[in-house]
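Predicted model, plus sequence, below.
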Amino acid sequence: MKVIFNRAIAGVDLYYAQGQVVELPAAVAKRYIDQGICSIVEEKKVAKAERAVSKKTTKRTTRKAK
């Protein structure tokens, strides 16, 4: 779950600064959200660019040399 921290926290194996956006496991994120340490980041759907697809071309014939 992607969250943004409202305040800085530090522990034995972790450090998160205020305003830092982090991907956390759901259980950890829920615990931090319940404590008011962080809030959920709304993920926007990114529009994918259309890929250019070339048309199928027929076999070109060349002129015969005389």
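Thanks, I have the structure now. Source: prediction; values computed, not measured.

Assign the residue positioned nearest the centre of the chain to helix, strand or coil.
Against the mean C-alpha coordinate of the chain, by CA atoms, centre = their mean, the closest residue is residue 43 at 7.8 Å. The three-state label given to residue 43 by DSSP: H, G, I helix; E, B strand; the rest coil is coil.

Could you find the closest non-adjacent residue to it?
Nearest residue to residue 43, sequence neighbours excluded (CB to CB, 6 or more residues apart in numbering): residue 2, at 6.3 Å. For the C-beta atoms, the positions are set from N, CA and C on the backbone; glycine is no exception.

Kindly report the same for residue 7.
Using CB to CB, 6+ apart, the nearest residue to residue 7 is residue 18, at 5.3 Å.

so how many other residues sit close to residue 24?
Neighbours of residue 24 under the rule other CB atoms under 10 Å: 18.

Flag the shaky bits of the protein, pLDDT-wise.
55, 57, 65-66 (pLDDT under 70).
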